[in-house]
Structures are given as structure tokens and as C-alpha cells.
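> coords below, sequence missing:
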């Protein structure tokens, strides 16, 4: 699978992690749906108030019609009462009865209409019906007197009806006014609430979105310029959150590739340095070994001659054996330098870990920082071979020994000492580099493997040594860890897996 296909798969997986309510599109649809529900609620409330207003208007219209009918009925009743009073003393009772019967009959339709709303008028209507029948069939002053009494009772009832109609008219008018006022207030309240909600959404959602986008922009700019920057911390679960995660992943990938590039540069520099040292060592060894060979030959001849002739000065003033011993020592040193500087294979293969540690320790002893340091080797002679790049292990061992020497240069209270120990623990080869130096402060110990982090002073360290060591050890399938105590010393532990018999070493 190509890198582009892998990126597409990762992107699809990230998109699948987003629920509909997490994505920006989902949030937009959710906001639109809530807004639609809000306007539906507003419409229902306003429709309810509108129905109340229409009902109030209908009732007011009905009351007005009833009031008009009541006004006409009151006028007719007043006229009938006057007529009854006038005809009560009329000598022609029969004629008066017929005329009054006609006037009373004119009242009955109006009373019938009002009776549906005011049933208490029914008794008066029945009394008027009886009076009409009696006035037509058997008119008498007693009938007219009873009619006058009924009319007075009807006037009182109509007064109560008129007061009730006026009260209802006032009530329905107030109800209409209240509905109109309430609907106006609700319109204003809903409008203000809508503005507040929209403002909150813009402030909380869009302002946060804008702020986070600006954070991503500034962070990406810092990453592009190569400035050190912490990862983006966020709690978003939308597309912008995925973008932040992608930027963080990009930052990690850039850091990883930069680390690999720096590691490659370090290895290239190490190889070039070792090649230069090897070339110089070979030249120097060649130039030194030629006169040394002559000196050794002369010293051997002098030693044999003195011993065979029993020279009286042998062992006193004449010491040819010392010349031979020191010249042999110089030749041994040049041979060590030549052997150490021989270019190593850059492929992982079975290697003698003890031999690498021994040759590296012997080589670094020539550094002036090791003049007063006791380097003790405690190597397990039964340690099996491990699979690694020998040149990488040389680089790791040199870095650790030089770091230990730098730490020991700060100690004056006891003899500086470095111990290099190898041992076989089950299926792992363990290497310990122990010093009794100043130690590492507890608060910075977790950061010692960070790239560009160093506790040394300016110009004394780049902060890449331990980072490179960890990378090289892990590349060989091993692990590296550090334990330290201030003013006691530091221990670096490295473990490599021991290959099983017949296992592929690649």
C-alpha cells in the first residue's frame, strides 16, 4: 500500500470516528433544526394568542349585537309600559286590551332571542303569552293590572340583563386588550431571546472556532519555521479537532524525520571522523613503527650482548631491557589505535560485544579527560555474540564513557572511577556503565533522552548524545535506561536480545 493510500485509509477512519453531532456539518444542521423548532414554538404561541384575540373579537361582536337588540327591546318595553299605564283607566277595556295585546306581541320575538342567553326571562315571556291570550279573549282591568305588574318585573329583569351585557362587553374588551398586549410582549420577548441565542452561538461556537483556527495557523507557522513548540491541546471532536490531531501528527513526523536526519548526520560524521582517525593513525603508526622496529632490534641485540658477555654495567647504568619494554609498549599502543580505527561493517551482524567494549575503552583512555579516571572492565567471558552494527555500538560506548568522564570531572571528594560490566541474563546480554560522578538531578532525569536536552554548560554538549544512543540501541532491538542519584553516581543499563541458535540475524 502506497503512502497516499495509507493516508486515505487513515482519513476515512478519522472521519468514521466523528458522529453526526461531533462534525461541524452536524452541528450546523443541529443549530438549524433547533432554530426551526424555536420558530415553530413561537408560531404556536402566537397562533394561540391570535385565536384568543379572534375569540374575544367574536364575543365582542356577539355582545354588540345583543346590546343592539336589548336597546330596541328596552325601548319597546318602555313604550309598552307607558301604553299599559295609559290604558289602565280607559273606559273601553276591550279596545284597550286588543291594542295592548298587539304591543305585547311585538315584544315577544325580542324576548325569545334574549331567552337563549338569559333563561331567567322565560317566566316573564310565558306571563306575557298568557296576558296576550287573555287580552284578546277576555280583556279586563284585572288582566291589564297583571300585565302592568309583569311589565314592571320585565323592566327590572332587563335592567339586570343590560348590566350583565355591559359587564361582559367590558370583560371581553379587556380580554382582547390583554391578548393584544401579551402577544406584543411575546413577540418582543421571542425576538430578544432569538437575538441572545444567536449572539451566544456566535460567541461560544464561532468565536471558539475562530480562536482554534488561529491557534492552528500560528502553531503550523512555528512548526514550519522549526521553532520548538508544544503540541496542540484541545477537546474538540469535530473536523477542526481532527485537523489539530493531524498537525500534531505532522509535528511528530517532522520531529522523527529531523531526528533521523540528525542521526544520519551524526553517523556520517562519526564514520568520517573514524576514517580520518584511522588514516592518520595508520600513517602515524607506519612512521613510528619504522624507527621503533630499529630501536627494538638494537635493544634486543644490546640485551643479548650484555647478557652473553656478562656486562658489569648491565642492570646498573645500562638498561637495554627497559628500552625494549617501552618501545614494545609504544608499538602495542599504535597497534591498538590502528585496530580501533579500521572501518567497521555498516550491516547488522553477529558481533563480539566484549571486544567492542574493550577496544573502545582502551581507545578513549588516550583522551585527556581520562588521565585521572580509573576505567575498570568487568566483562563476562561467556557472553554470547549479539546481532548489531559494530560501528553503532562503538559510537554508543564512546558517548557513554565520555558522558561519564564529564560527570567525574566535577567530583573532587573521591577517586573518579568508571566500571563497564557485561553479563548474560537469560536470553539477554546486559551492559552496565557505572560512574561515581555528580549524578543527574531527579527533576531532569526523565528528560535525558530528549533531543537537544543537555545538563552540560554552553559549548560542552549538543544534547544529541543520549538521543542518538537510544536510537542506535533500539534500532538493534535493544533497550537503554538510566538511573542516577545526586552526588552518588549514574548507571546506564543496555540490554540486547541474544539470538537463538539458527535464528536469522538480519
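Ah, there it is. Quick caveat, the model's predicted, so the values are computed rather than measured.

> And the helices in the stretch 301-450 of the chain?
Chain-ordered helices for the stretch 301-450 of the chain, with DSSP state H, counting those that start in this stretch as the definition, fall at 320-340, 353-364, 390-408.

> Output the contacting helices and strands for the shortest one.
If you count contacts as 3 or more C-beta pairs under 8 Å, 6 or more residues apart in numbering; DSSP states H and E, helix 353-364 packs onto helix 320-340, strand 374-378, helix 390-408, strand 417-425, strand 428-435. Backbone N, C-alpha and C define where each C-beta goes, glycine included.

> For the stretch 101-250 of the chain, give me the ranges with low pLDDT.
Per-residue confidence for the stretch 101-250 of the chain (pLDDT under 70) gives no ranges below the cut-off.

> Could you do the stretch 301-450 of the chain as well?
Within the stretch 301-450 of the chain, the stretches falling below the threshold (pLDDT under 70) are 303, 307-322, 325-326, 329-346, 410-413.

> what about 90?
Across the stretch 301-450 of the chain, the ranges flagged by pLDDT under 90 are 301-376, 380-385, 387-418, 424-428, 435-450.

> what number of residues lie near residue 154?
The burial metric for residue 154, expressed as a neighbour count using other C-beta atoms under 10 Å, is 23.

> chain center to the host helix or strand of it, what's the gap?
For residue 154, the host element (DSSP states H and E) is helix 141-201. In terms of C-alpha atoms, centre = their mean, to the nearest Å, the centre of helix 141-201 is found 61 Å from the chain centre.

> next structured bit after it?
helix 207-225.

> Which positions in that following helix come out as buried?
Residues 209, 212, 215-216, 219-220, 223 are the ones in helix 207-225 that count as buried (16 or more other C-beta atoms under 10 Å).

> Now tabulate those in JSON lines and tack on distance to residue 132.
Shown next, in JSON lines, are these (distance: C-beta to C-beta, whole Å):
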{"residue": "209", "distance to residue 132": "87"}
{"residue": "212", "distance to residue 132": "92"}
{"residue": "215", "distance to residue 132": "97"}
{"residue": "216", "distance to residue 132": "97"}
{"residue": "219", "distance to residue 132": "102"}
{"residue": "220", "distance to residue 132": "103"}
{"residue": "223", "distance to residue 132": "108"}
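
> So which of those is the closest to residue 94?
Proximity of these to residue 94 (C-beta to C-beta) peaks at residue 209, which lies at 100.3 Å.

> excluding its backbone neighbours, what's nearest the closest one?
Of all residues not flanking residue 209 in the chain, residue 240 sits nearest, at 6.7 Å (C-beta to C-beta, 6 or more residues apart in numbering).

> That neighbour touches residue 213, doesn't it?
Yes - at 6.8 Å, residue 240 and residue 213 qualify as touching, with contact defined as C-beta atoms under 8 Å.

> on that earlier part again, compare the helices and strands packed on helix 353-364 and give me the one nearest residue 491.
With respect to residue 491, and counting by C-beta to C-beta, the nearest of the helices and strands packed on helix 353-364 is strand 428-435 at 4.9 Å.

> Between strand 374-378 and the closest one, find me the angle.
160 degrees (axes from the mean of the first three to the mean of the last three C-alpha atoms, to 10 degrees).

> centre of the chain versus strand 428-435, how much separation?
The chain centroid and the centroid of strand 428-435 are separated by 42 Å, computed with C-alpha atoms, centre = their mean.

> Pull out the buried positions in it.
Those would be 429-431, 433-435, for strand 428-435 by 16+ other C-beta under 10 Å.

> Output the contacting helices and strands for the helix or strand just after that strand.
The C-terminal neighbour of strand 428-435 among helices and strands, as given by DSSP H and E, is helix 465-475. Packing contacts for helix 465-475, counted by 3+ C-beta pairs under 8 Å, 6+ apart, involve helix 239-308, helix 390-408, strand 479-485.

> follow-up on the earlier one: compute the inter-axis angle for the helix holding residue 154 and helix 207-225.
Direction vectors for helix 141-201 and helix 207-225, defined by the same axes, to 10 degrees, enclose an angle of 10 degrees.

> ok, back up a step: quick check: the gap between the residue nearest to residue 209 and residue 201.
Between residue 240 and residue 201 the distance, using C-beta to C-beta, to the nearest Å, works out to 16 Å.

> Looking at the two, which is more packed in?
residue 240 (18 against 15).

> So that one versus residue 118, what's the distance?
73 Å.

> same deal with residue 171?
With distances defined as C-beta to C-beta, the gap from residue 171 to residue 118 amounts to 16 Å.

> So which of those two has more stuff around it?
Shown here are residue 171 and residue 118; by other C-beta under 10 Å, residue 118 has more neighbours (17 against 14).

> so that one touches residue 163, yeah?
No - using C-beta under 8 Å, residue 118 makes no contact with residue 163, being 11.6 Å away.

> any common contacting residues for these two?
None of the residues lies in contact with both residue 118 and residue 163 under the rule C-beta atoms under 8 Å, 6 or more residues apart in numbering.

> which strands and helices sit next to the one helix or strand residue 74 maps to?
Using DSSP H and E, residue 74 sits within helix 24-87. Judged by 3+ C-beta pairs under 8 Å, 6+ apart, the packing partners of helix 24-87 are helix 93-115, helix 141-201.

> pLDDT score assigned to residue 52?
Turning to residue 52, the model gives it a pLDDT of 84.

> now do residue 23
Note for residue 23: predicted pLDDT of 68.

> swap in residue 87?
For residue 87, the model assigns a pLDDT of 81.

> ok, it - how many residues close by?
Residue 87 is flanked by 21 other residues according to other C-beta under 10 Å.

> Who are the contact partners of it?
For residue 87, the contact set (C-beta under 8 Å, 6+ apart) comprises 96, 99-100, 144.

> In these, find the pair that's most separated.
Taking C-beta to C-beta, no two of the contacts of residue 87 sit farther apart than 99 and 144, at 10.8 Å.

> between these two, which one's more packed in?
Neighbours of residue 99 and residue 144, each counted by other C-beta under 10 Å, are more numerous for residue 144; the result is 23 against 17.
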